[in-house]
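Participant: Sequence first, predicted coordinates after that:
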Amino acid sequence: MKCGKYIWQLPDWPNWRNDLRRLSTPLADVSRSQGELLGRLADFGMAIRNQAALSALTEEVVKTSEVEGEHLNVASVRSSLARHLGVEIGALAPPDRKAEGVVEMVLDATTKCFEPLTVERLFGWHAALFPTGYSGIHPIRVAAWRDDAHGPMQVVSGPIGRQRVHFEAPPAERLEAEMAHFLSWANTDGDEPMLVKAGLAHLWFITIHPFDDGNGRIARAIGDLFLARADQSPQRFYSLSAQIQRERANYYHILERTQKGTLEVTEWLLWFLGALERALDEAHRTVDTVLAKARFWQRLSGVSLNPRQVKVLNRLLDGFEGKLTAKKWAALGKCSPDTALRDINALIALGVLRRSASAGRSTHYELVEDAPDYRSF
């Protein structure tokens with residue numbers, strides 16, 4: 001029988017239950033998709049695998065922040081990850097303190113996935129997310145559990161005065177015991193499949209909500225840690241956070257419904273596994289993009305390009321948003337409009353770029369998919 005409004009108020013909290021028979025098919029589907037992705041990448045060299053991992057991690061860092069409404073500079077994130085991983089990407093963007101903290105947390109969770117999850121480690125992640133001690137303009141407790149000095153921890157939406165409370169977390173005086181129980185479970189090998197453990201870990205931590213801020217990002221990092229263990233590999237090639245961002249409304253809906261339900265959480269795990277399989281489907285498309293990029297540069301290996309051309313072409317290959325104009329080229333390449341036009345015209349002559357056939361207020365340019373192969377020249 002349900003007692004209380006939230007699952008942490010139930011008398012048998014946190015004794016999670018699920019129907020493994022209902023989960024068996026999605027578990028098998030996800031495991032197969034993981035195997036197919038890892039098997040596909042095993043056929044390629046280290047350089048291709050590193051680029052695929054860099055793409056997945058960049059998406060993970062950017063999208064786990066976007067879920068919380070924070071937008072990081074993609075180029076800064078990619079450059080920060082490349083520095084940490086020792087992956088060559090050409091020109092690096094300047095460091096960004098906000099991006100650096102999320103990068104450090106995600107890398108620690110995934111590259112050190114087999115190390116125990118501890119209070120000190122979680123505090124380190126939290127400190128990396130909030131290096132100034134502020135969330136926006138508000139001071140918060142950093143590397144420490146919340147104290148509820150300003151009232152209970154609530155997840156709310158809507159304008160001030162008409163806010164809707166979606167969830168209220170356990171009171172601060174329970175956090176030491178709650179986190180001790182959670183970490184003991186996290187660091188103990190149990191009977192549940194590792195993919196189920198990843199879904200439960202995400203749900204359990206976000207329900208305790210032990211920090212003033214950053215709980216969602218840390219919950220997703222904990223989930224990633226267990227997903228890396230499930231893959232038996234610290235190298236990441238898919239991003240669950242990106243899939244959660246794509247399905248953000250559904251994510252918050254199933255999370256709220258689960259936190260106001262019972263400790264029978266099969267529906268949550270079905271959603272989690274479904275999102276994970278869709279993330280793996282997206283990862284195959286990312287690998288296709290990485291391979292196309294590698295083939296592109298192989299075809300141009302006999303051509304001498306200046307650093308501006310390399311930089312802007314890489315931006316186009318990574319998925320440039322909007323239309324590329326000479327003005328945007330000048331901004332990206334930090335050069336004059338005349339120099340930008342010379343760069344562009346040289347690439348048009350090589351058959352690498354073309355002027356778009358579509359009419360518009362300004363001329364824009366597109367990559368040529370079947371650019372000439374200059375290796376034979």
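Facilitator: Great, that's in hand.

Participant: Show me what counts as buried in stretch 119-127.
Facilitator: Neighbour counts over stretch 119-127 (16 or more other Cβ atoms under 10 Å) mark 121-122, 125-127 as buried. (C-beta placed from N, C-alpha, C; glycine too.)

Participant: I should have written stretch 222-235 there, sorry.
Facilitator: 222-231, 233-235.

Participant: likewise stretch 181-196?
Facilitator: 182-183, 185-186, 192-196.

Participant: so which of those residues comes closest to Ala275?
Facilitator: Nearest to Ala275 among the buried residues of stretch 181-196 is Leu195, at 11.7 Å by Cβ to Cβ.

Participant: Tell me how far that closest one lies from Leu107.
Facilitator: Distance of Leu195 to Leu107, given as Cβ to Cβ, to the nearest Å: 22 Å.

Participant: Low-confidence ranges, the stretch 51-200 of the chain, go.
Facilitator: 90-92 (pLDDT under 70).

Participant: what's the closest non-adjacent residue to Ser356?
Facilitator: His364 (5.0 Å; Cβ to Cβ, 6 or more residues apart in numbering).

Participant: With distance to Ala143 and secondary structure added, can I get the buried residues of stretch 222-235 in TSV?
Facilitator: Below are those laid out as TSV (distance: Cβ to Cβ, whole Å; DSSP: H, G, I helix; E, B strand; the rest coil):
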residue	distance to Ala143	secondary structure
Ile222	16	helix
Gly223	21	helix
Asp224	20	helix
Leu225	19	helix
Phe226	23	helix
Leu227	25	helix
Ala228	24	helix
Arg229	25	helix
Ala230	28	helix
Asp231	29	helix
Ser233	29	coil
Pro234	24	coil
Gln235	28	coil
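
Participant: Closest to Leu175 out of the residues you listed?
Facilitator: For the buried residues of stretch 222-235, the nearest to Leu175 is Ile222 (15.9 Å; Cβ to Cβ).

Participant: Look up how far Phe205 lies from Ala198.
Facilitator: 11 Å.

Participant: With Leu350 instead?
Facilitator: 52 Å.

Participant: Now for the closest residue to Ile348 other than its chain neighbours, how many residues are close by?
Facilitator: Nearest residue to Ile348, sequence neighbours excluded (Cβ to Cβ, 6+ apart): Arg354, at 6.3 Å. Arg354 has 13 neighbours, counted by other Cβ atoms under 10 Å.

Participant: Paired strands for the helix or strand hosting Arg354, with orientation please.
Facilitator: Following DSSP states H and E, one finds Arg354 within strand 353-355. Partners of strand 353-355 in the sheet, by DSSP bridges, are strand 364-367 (antiparallel).
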